[in-house]
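Undergrad: okay, predicted coordinates and the sequence, questions at the end:
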Amino acid sequence: MCGIAGAWRAAASPEAPCALELLDGLAHRGPDGKGIWWEDSIVLGHHRLAIHDLSAAGTQPMASDDQRLVLVINGTIHNAAELKADPACAGYPFQGRSDSEVLLPLWRRYGVDVLERLRGPFALAIWDRVDRALWLARDPLGKKPLHWSQMDGGIVFASEMAALLRMLPERRYRIDAAAAYLQAGYVPGNDTVVEGVHKLAPATWMCVDERGVRTTRYWAPPTAADPDLVGARADDALEDALQRAVARRTRTDRQLGVMLSGGLDSAKVLEAATAELGRPLPAFTLGFADSPRHDERSDAAESAAFADATHHTWTFDADAGALLTELVTTTGELLADSSWLPTALICRRAREHAVVLLCGDGGDEILLGYRRHGVARWAQRLHGTGLGRTVATLAPLVPGIRRRQGLAALAGDAPSSLADLVGLMPRGALRQELLPGVLSDPDPLTTTFEGISGPADGAALAGLIDLQTYLPGDLLPKIDRASMLSGVEVWAPFLDPDVIDVALRIPGTTRRGLTRGKRPLLRKLPPAQRARHLRRPKRGFAVPLLDWLQGGAYGRFAEEVLGDIRTPFEGLLPDANAHRLLTRARNGEPALAPLVHACVVLAIFWDAFLRRPA
């Protein structure tokens, strides 16, 4: 809901222009005000999107009453009202109703221990003027971004990479990170394609002072299932936790609405928010007039009618190439998820009606709603028996790319099958497109996934892996950068830590049956509504990418971007030629389309941030 930036140096004093330069690149995140604070070795800056307490009392940077602590935060503390009942807040002279201000007395009393008690998306920086220490922290799931880099005997940090890169005197391209990006569609973990630029990990705090930099993880999702949390008990526990999470997120001083797809998760959020407020809400859906299989407007209309919502619908009518360029160059995010485009457009359209949107993000990950979760279950069960490899050999005989990939993925265990299904291409196919040895062995995704231990059930393990990799790497950056581009705040009730705690303690076989996930949500629906959701195909928010590449404005844009550029792909692709992939995708190799799109995004990023001036 805001943009934050700052710099700290152990020996030299940063100047206000340093933060101003950082802040200049974050104006889109906070159109309601700008603030800066500095002294000695520290400078903090903030661009404000006002959500709670629209008065000047919510302006940041914000200092504690004794002037010891100075705070900037990007995000929302949904349980601020409850936290104000803590003894640490007794007698504190709050200046207004801002949810951020409650952090000052709580941090003074409890320090980093207060982070576990916060409910909501946040990335924050606190300067302790007595201990002369800078503290940075991110929320448990990584909904709000924070990038940092060491420079000139200190560090600089910013909400978005584009703002941070403006401060770096030199930017070195990392081929290994670019290869990992071409596998996953994002750079896994906490690194980036620019050497020395990092993402602060979710659920992590960092302390920077004259002794150096240290980090600690303060939260982890539960991994052990409760065998008694099944049936109606599981259904009721999840519904209660979700209703409380939605209720927290209806507290705002700005107009509230719901991003509504044709699926179950956003429909459930709309229903819960309507019940909490006791009045209809506006709901927003974007579809594709030229691609019925990607168009969810009619399904969303049924959900909107059930909740008596005012339903606003649009079709994707933007110049996709121009919008993609704006997203990459404004935010500095390297993200190959094509749904970034419609997400950005629906937020831009919805901004005319609402500033805060609720969404259903996270429901698939915690309730095992993806097809790949079912594949991972069978891969885990068959692993070591030899049967999985036998079944995988039948993949070429099956019609449909997704079905073939699903069968082929049964050759490995849950982590390796997930790496094949969540990546832009299966690992074997990707290695054939890249130069030999470029993709590490084991590959970046498999290495990351195998480092996450959890339930024996392959579906539950895959959901846990998604929660700690795909969500903070792809889904959450997508929604944050897309919404903040237009000054819109998006909240995801399914990703409340209390909801996650309940959902992940429900056994995997209770969350997902033989062919479908989200069973606890489905069982709570009235029969007619349940039947409607069961017959709807799962679509996601993907674009008709292959159609776009084969003709029309985006195809011409991709042709132009990839036509004569080689440098970003040197050391990655044969002859550094990405245009060849575009030609093949157009001529009967549709599985290449996601990789082609990823190359387009990489070329835009490289041209904006890494090209050396002539």
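TA: Okay, I see it.
Undergrad: in three-state terms, label the residue most central in space within the chain for me.
TA: For the chain, residue 476 is the residue whose C-alpha lies nearest the centre (CA atoms, centre = their mean; 0.9 Å). Of the three states, residue 476 takes helix under DSSP: H, G, I helix; E, B strand; the rest coil.
Undergrad: touching, it and residue 141? I think so.
TA: Yes - the criterion here is CB atoms under 8 Å, and residue 476 meets it with residue 141 at 6.6 Å. Every residue, glycine included, has its C-beta placed from N, CA and C.
Undergrad: on that earlier part again, dump the residue contacts of the closest residue to the residue nearest to the centre of the chain other than its chain neighbours.
TA: Among residues not flanking residue 476 along the chain, residue 143 sits closest, at 5.2 Å (CB to CB, 6 or more residues apart in numbering). Residue 143 makes contacts with 75, 121-122, 476, 480, 492, 495, as judged by CB atoms under 8 Å, 6 or more residues apart in numbering.
Undergrad: same list (those residues) but as JSON lines, adding secondary structure, pLDDT and distance to residue 248.
TA: Below are these laid out as JSON lines (DSSP: H, G, I helix; E, B strand; the rest coil; pLDDT from 0 to 100; distance: CB to CB, whole Å):
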{"residue": "75", "secondary structure": "strand", "pLDDT": "96", "distance to residue 248": "13"}
{"residue": "121", "secondary structure": "coil", "pLDDT": "97", "distance to residue 248": "12"}
{"residue": "122", "secondary structure": "strand", "pLDDT": "98", "distance to residue 248": "14"}
{"residue": "476", "secondary structure": "helix", "pLDDT": "98", "distance to residue 248": "18"}
{"residue": "480", "secondary structure": "helix", "pLDDT": "98", "distance to residue 248": "19"}
{"residue": "492", "secondary structure": "coil", "pLDDT": "98", "distance to residue 248": "12"}
{"residue": "495", "secondary structure": "helix", "pLDDT": "97", "distance to residue 248": "12"}
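Undergrad: now list the buried members of those residues.
TA: Among the contacts of residue 143, the ones that count as buried by 16 or more other CB atoms under 10 Å are 75, 121-122, 476, 480, 492, 495.
Undergrad: nearest spatial neighbour of residue 532, skipping sequence neighbours?
TA: residue 302 (6.1 Å).
Undergrad: wasn't residue 311 part of a strand?
TA: Yes - if the criterion is three-state DSSP, then residue 311 is within a strand.
Undergrad: burial count for it?
TA: 21 (other CB atoms under 10 Å).
Undergrad: now residue 500
TA: Residue 500: 22 neighbours (other CB under 10 Å).
Undergrad: then the one 5 residues further on?
TA: A count of nearby residues for residue 505, using other CB under 10 Å, gives 19.
Undergrad: tell me the spatial nearest neighbour of it, not counting adjacent residues.
TA: residue 226 (4.4 Å).
Undergrad: just to check, residue 248 is in contact with residue 497?
TA: No - Residue 248 is beyond contact range of residue 497, at 11.4 Å (criterion: CB under 8 Å).
Undergrad: name the residues contacting each of the two.
TA: Counting by CB under 8 Å, 6+ apart, the residues touching both residue 248 and residue 497 are residue 119.
Undergrad: specify the local secondary structure of residue 126.
TA: strand.
Undergrad: who's it bridged to?
TA: Applying DSSP bridges to residue 126 gives these bridge partners: residue 71, residue 135.
Undergrad: residue 180: which of the buried ones among the contacts of residue 143 is nearest?
TA: residue 476 (18.1 Å; CB to CB).
Undergrad: check the gap between the closest one and residue 189 for me.
TA: For residue 476, the distance to residue 189 equals 15 Å [CB to CB, to the nearest Å].
Undergrad: so how far is residue 22 from the spatially closest residue to residue 73 that is not a sequence neighbour?
TA: Nearest residue to residue 73 in three dimensions, chain neighbours excluded: residue 124, at 4.1 Å (CB to CB, 6+ apart). Using CB to CB, one obtains 16 Å as the distance from residue 124 to residue 22.
Undergrad: all helices for the stretch 201-350 of the chain, in order.
TA: 231-248, 264-277, 297-306, 320-331, 340-350 (DSSP state H, counting those that start in this stretch).
Undergrad: ok, and for the longest one, which residues are buried?
TA: Spelled out, it's helix 231-248. 234-235, 237-239, 241-248.
Undergrad: where does pLDDT dip in the stretch 301-450 of the chain?
TA: Within the stretch 301-450 of the chain, the ranges that satisfy pLDDT under 70 run 394-395, 397.
Undergrad: just the strands in it please.
TA: In the stretch 301-450 of the chain, the strands defined using DSSP state E, counting those that start in this stretch lie at 310-315, 356-358.
Undergrad: from the ones you listed, which stretch is densest packed?
TA: Highest mean neighbour count of those: strand 356-358, a mean of 25 (counted as mean count of other CB atoms under 10 Å).
Undergrad: same for it, what does it pack against?
TA: strand 256-259, helix 264-277, strand 489-491 (3 or more CB pairs under 8 Å, 6 or more residues apart in numbering; DSSP states H and E).
Undergrad: give the next helix or strand downstream of the last one.
TA: Scanning forward in sequence from strand 489-491, with DSSP states H and E defining helices and strands, the next element found is helix 497-505.
Undergrad: got the contact list for that next one?
TA: Outside helix 497-505, the residues touching it (CB under 8 Å, 6+ apart) are 119, 140-141, 219, 221-226, 229, 237-238, 241-242, 244-245, 362, 366-367, 460, 463-464, 467, 493-494, 511.
Undergrad: alpha carbons of stretch 135-155, as CSV, please.
TA: Provided in CSV are the C-alpha atoms of stretch 135-155 (Å, rounded to 0.1, in the frame of the first residue of the first chain):
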residue,chain,number,x,y,z
TRP,A,135,15.9,-3.2,11.5
LEU,A,136,14.2,-4.5,8.3
ALA,A,137,11.4,-7.2,8.3
ARG,A,138,8.9,-8.8,6.0
ASP,A,139,5.6,-10.5,6.6
PRO,A,140,5.4,-14.3,6.9
LEU,A,141,4.4,-15.0,3.3
GLY,A,142,6.3,-12.2,1.6
LYS,A,143,3.3,-10.3,0.4
LYS,A,144,5.1,-7.0,0.5
PRO,A,145,8.5,-6.7,-1.2
LEU,A,146,11.8,-5.4,0.1
HIS,A,147,15.1,-5.4,-1.9
TRP,A,148,18.5,-4.5,-0.5
SER,A,149,22.1,-4.2,-1.4
GLN,A,150,25.4,-3.5,0.4
MET,A,151,27.0,-0.3,-0.9
ASP,A,152,29.7,2.2,0.4
GLY,A,153,30.2,0.5,3.8
GLY,A,154,26.4,0.3,4.4
ILE,A,155,23.2,-0.8,2.7
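Undergrad: thinking again about what came up before, check contacts around the residue nearest to the centre of the chain.
TA: 141-143, 361.
Undergrad: from those residues, which two are the most distant?
TA: The most distant members of those, if one measures by CB to CB, are 142 and 361, lying 12.3 Å apart.
Undergrad: related to what we said a few turns ago, so between residue 124 and residue 22, which is more surrounded?
TA: residue 22 (27 against 24).
Undergrad: okay but the more buried one is in contact with residue 162, surely?
TA: No - using CB under 8 Å, residue 22 is not in contact with residue 162; the gap is 10.2 Å.
Undergrad: do you know how far residue 587 is from residue 552?
TA: In terms of CB to CB, residue 587 sits 17 Å off from residue 552.
Undergrad: residue 552: what's it in contact with?
TA: Neighbours of residue 552 in contact, by CB under 8 Å, 6+ apart: none.
Undergrad: just the pLDDT for it.
TA: As predicted, residue 552 sits at a pLDDT of 85.
Undergrad: kindly report the same for the one 4 residues further on.
TA: According to the prediction, residue 556 has pLDDT 96.
Undergrad: look up the closest residue to it, ignoring the ones flanking it.
TA: residue 321 (7.9 Å).
Undergrad: distance of that neighbour from residue 379?
TA: 38 Å.
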